[in-house]
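**Student:** Next input, structure requested:
(2 chains)
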Amino acid sequence: MNLDSKIPSGPLTQKWENHIANLKLVNPANKRKYTVIVVGTGLAGASAAASLAELGYNVKAFFIHDSPRRAHSIAAQGGINAAKNYPNDGDTVWRLFYDTIKGGDYRAREANVYRLAHLSTAIIDQCVAQGVPFAREYSGELANRSFGGAQVSRTFYARGQTGQQLLLGAYQAMLRQVDAGKVTMYPRREMLDLVLKDGRAEGIVARDLVTGKIERHAAHAVVLCTGGYGRVFYLSTNAMNSNATAAWRCHRKGAAFANPCFTQIHPTCIPVAGEHAQSKLTLMSESLRNDGRVWVPKRKEDAKKHPSEIKDEDRDYYLERKYPSFGNLVPRDVASRNAKDVCDEGRGVGSSGLSVYLDFRDAIKRDGENVIREKYGNLFDMYHRITDENPYQVPMRMYPAVHYTMGGLWVDYNLMSNIPGLHVLGEANFSDHGANRLGASALMQGLCDGYFVIPYTIGHYLAQVGAFKLDSESSEFKAAEAAVNNEIKRLMTVNEKGKRTVNEFYKDLGKIMWDKVGMARNEAGLKSAISEIQKMRAEYGENLKIGGNSSELNKNLEMASRVGDFLELGELMARDALMRKESCGGHFREESQTPDGEADRDDANFSFVGAWEYKGANAEPALHKENLVFENVKPSQRSYK
Amino acid sequence: MSQNISVKVKVWRQDGPQATGQFESFDLSGISTDMSFLEMLDTLNEQLLKEGKRPVEFDSDCREGICGSCGCMINGMAHGPERGATVCQLHMRSFKNGQTIVVEPWRATAFPVIKDLVVDRSAFDRIIAAGGYVSVKSGRHADANVMLVPKDTAEKAMDVAQCIGCGACVAACPNASASLFTGAKITHLALLPQGKVEAARRVQRMTDQMDSEGFGGCTNIGECLAACPKEIKMEAIVSMRREFIKGAFAEPPRQAGSDNA
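**Tutor:** Now for the predicted structure:
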């Protein structure tokens, strides 16, 4: 497998401009001769579809929801970073680049991250031109706030609904192209296979989720924007339908899967409540950490007391104590791990003992309840509604939850996977966040890829392959269609005798992943996770209960095929975590820590991207390494003390 | 405090778009009041599967009230009894032990039923496609701070821009009018300087599309306001009408074709 990152030569700050100058172009009159398939319509997908159609390409947009606006980008709360330096507090493109590469624990490519920081400012201009109602100052200028781990105020926001407003901007831009006849939408369609011809991606096989009909769609290139795979943990902040199936099917067709073990556990989520059939966890924006103080009791014995009964001197504001310069604003991985540590010590609060306080008492005393309400009102209401506790009166309780996956399909600098023609954007790729993503960077990356990278790089690919005749009747298409049909038929056959529901398997997988491939991993746990998942995969092939039939809307069947892929992906994640015998970012190997319990990164042996090649359902995957070269920053051990 | 209750769920079952539907009742016990309403339906579906019956189909995704996927009539109320919330944000603590809960899909000609509680809301996408945007190109633009927008205007725009497109306004309206939805987008864009350029054309096209989809007319009943999970105000509809009348007095568009030399 050839993993050529195609990073352009020249100084870091000029690589992208130089690269653009060398990219091949498609003549404006010829663009209409090309068809591009975009799968997924979140920030990356909708912005890519809008931009490519704007250029003149014919775009076919596929999504599993009833409307493109439902994609999970809609739920992002906090904000989007951009190095505008409007507050005059010393931000630069370089600083955003440096913060992002350092925050990612030096496991991302310098060139990609620099491009992201460089293009960040154009994203804000684009979104404002579209009419995205960002928060403003009384002067009429845009407002900024500081956000998890950053020491400058570079985050733009629209109340606690930034993802929603950015996605609606991209969605509207895309629908404008639907109106212009340049984008054709395929709602309630799920991509189930990638079709290759002569080694190139030339289309997809999709299932119409309403009729169950399997369809073949040909194109000159495929752009995958299907998001992350956090739902492999069952309970996460991801939406119910977020899944890895499209990406995993591409992996099976030869696309390398990079750094699958890099998952982000977000520190501030509403904790699991009791034993009922909880289906998902709810994130509370980490902007809350700007004003809320995180604490647990100093003594275990106080953990069950009402917080108002615990005096100040008996409280342990552990983030402020351990990390005086960053305090409550340490990066997500550090905040999450510390919450786990204090709960493991028995100092966790709430009925389960698995939560820490996020307390606004002092902020309310300092600024008044109205100021806090104006900043966080919707989040406080959301918390109140879910927990039945009023956070203006008692501290919120928080616990980390799976939120984002930094790993994903391997791509080069042009965002193309190792399969020619298959491009991967946004959370679905692995490229920009290294081992840990900083807050307010996901929205930035999704839109950067869709609005400002793919419009340039896809032309370079298309110009080289030419506007060949599309043929969805080819033997390759028919073979892919038959394979998908067979797989569905197989599931429905198992269903006839199966006893355990999809959800029962899924919960078991989630528990293995959370306990053994979650916030802290060790060799014994990972090995046992691999063998437990293998056993579960075998049973999944024999004892699965689905219900309904395959020629109608059947959400349980959709889940059955997604959970089947999660089982395979979960095993790969455990293998990747086992291979990476270092702690870095969101991946904490217990065997690799400093004497004071902080993550101990091993640059001598692990400064690489681990990209896995699929070798068959029951064969061990092959590891390929792309070495990371740091010419502009010197990897240092992250310290937030 | 959390407790367990029993409820009777009377739910609309319909096999497909052309099929005749009917209510079916199920008894559920041991339902924690901490459960969300949709988790209660998940529990019902697990029970049905175990009994070899077909699960109840319903749309849901983010389960935190922002994606707009979920929605059904609960005891005759769109999104159920809780104000300013979607079905996924409704908890079983809103119901009493032993209560009967009637669950139906959105009812509107423009939202045909696909199956059980799942309806087709693509009419909303077509309304947005008819002009619910600013026609700027995707790409480079002037620096964002070149255009000043008063804070108050931005806040008002955000009040309506936060519509989640769930369709509760249509379902709650006796006329099945989509005026709140359409008005919210028209108002958002008409408030901002970026959107004013095309305001006249936008309001004309979007309202034409709304009418052609089979939604009813608005007669100021206000049920939509009570059902809206984002509590969007009547102002959205008022402003849509104002824009419509302004648009009617606007100069007619000039003929295209003279600038192609």
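
**Student:** for chain A, which helix is longest?
**Tutor:** helix A:555-579 (DSSP state H).

**Student:** tell me what the helix or strand following that helix is packed against?
**Tutor:** Using DSSP states H and E, the helix or strand that follows helix A:555-579 in sequence is helix A:603-606. Helices and strands touching helix A:603-606, as assessed by 3 or more CB pairs under 8 Å, 6 or more residues apart in numbering or on different chains; DSSP states H and E, are absent. The C-beta positions use only the backbone N, C-alpha and C, and glycine is treated the same way.

**Student:** where's the very next helix or strand once past helix A:603-606 relative to the chain centroid, distance-wise?
**Tutor:** Next helix or strand after helix A:603-606 toward the C-terminus (DSSP H and E): strand A:608-613. Once both centres are worked out by CA atoms, centre = their mean, to the nearest Å, strand A:608-613 turns out to sit 18 Å from its chain's centre.

**Student:** So which elements touch strand A:608-613?
**Tutor:** Judged by 3+ CB pairs under 8 Å, 6+ apart, the packing partners of strand A:608-613 are strand A:257-258, helix A:555-579, strand A:622-627.

**Student:** strands paired with that strand, and their directions?
**Tutor:** Strands that pair with strand A:608-613, judged by DSSP bridges, come out as strand A:257-258 (antiparallel), strand A:622-627 (antiparallel).

**Student:** what's that strand in contact with?
**Tutor:** Here strand A:608-613 makes contact (CB atoms under 8 Å, 6 or more residues apart in numbering or on different chains) with A:1, A:3, A:107, A:109, A:251, A:254, A:256-260, A:410, A:430, A:572, A:575-576, A:579-580, A:621-628.

**Student:** still on that earlier bit, just checking, what packs against the longest helix of chain A?
**Tutor:** Looks like helix A:555-579 contacts helix A:245-252, helix A:475-497, helix A:502-516, helix A:523-540, strand A:608-613 (3+ CB pairs under 8 Å, 6+ apart).

**Student:** out of those, nearest to A:Thr35?
**Tutor:** Closest approach to A:Thr35 among the helices and strands packed on helix A:555-579 is made by helix A:475-497 (14.3 Å; CB to CB).

**Student:** Report the distance from the closest one to the chain centre.
**Tutor:** Mean C-alpha position of helix A:475-497 versus that of the full chain (CA atoms, centre = their mean) differs by 29 Å.

**Student:** Can you tell me which helices and strands it packs against?
**Tutor:** When contacts are defined as 3+ CB pairs under 8 Å, 6+ apart, helix A:475-497 sits against strand A:189-197, strand A:200-208, strand A:214-218, strand A:544-545, helix A:555-579.

**Student:** Tabulate the CA atom coordinates of that helix in PDB.
**Tutor:** Extracted as PDB, the C-alpha positions of helix A:475-497 are listed here (Å, rounded to 0.1, in the frame of the first residue of the first chain):
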ATOM      1  CA  SER A 475     -20.000  -5.800 -14.300                       C
ATOM      2  CA  GLU A 476     -18.300  -4.000 -11.300                       C
ATOM      3  CA  PHE A 477     -21.500  -2.200 -10.400                       C
ATOM      4  CA  LYS A 478     -23.600  -5.400 -10.800                       C
ATOM      5  CA  ALA A 479     -21.200  -7.300  -8.600                       C
ATOM      6  CA  ALA A 480     -21.300  -4.700  -5.900                       C
ATOM      7  CA  GLU A 481     -25.100  -4.600  -6.100                       C
ATOM      8  CA  ALA A 482     -25.300  -8.400  -5.800                       C
ATOM      9  CA  ALA A 483     -22.900  -8.300  -2.800                       C
ATOM     10  CA  VAL A 484     -25.100  -5.800  -1.000                       C
ATOM     11  CA  ASN A 485     -28.200  -7.700  -1.800                       C
ATOM     12  CA  ASN A 486     -26.700 -10.900  -0.500                       C
ATOM     13  CA  GLU A 487     -25.600  -9.300   2.700                       C
ATOM     14  CA  ILE A 488     -29.100  -8.000   3.400                       C
ATOM     15  CA  LYS A 489     -30.500 -11.400   2.500                       C
ATOM     16  CA  ARG A 490     -28.100 -13.000   4.900                       C
ATOM     17  CA  LEU A 491     -29.100 -10.700   7.800                       C
ATOM     18  CA  MET A 492     -32.800 -11.500   7.100                       C
ATOM     19  CA  THR A 493     -32.100 -15.200   7.100                       C
ATOM     20  CA  VAL A 494     -30.300 -15.000  10.500                       C
ATOM     21  CA  ASN A 495     -33.300 -13.100  11.700                       C
ATOM     22  CA  GLU A 496     -35.600 -16.000  11.100                       C
ATOM     23  CA  LYS A 497     -34.000 -18.100  14.000                       C
END
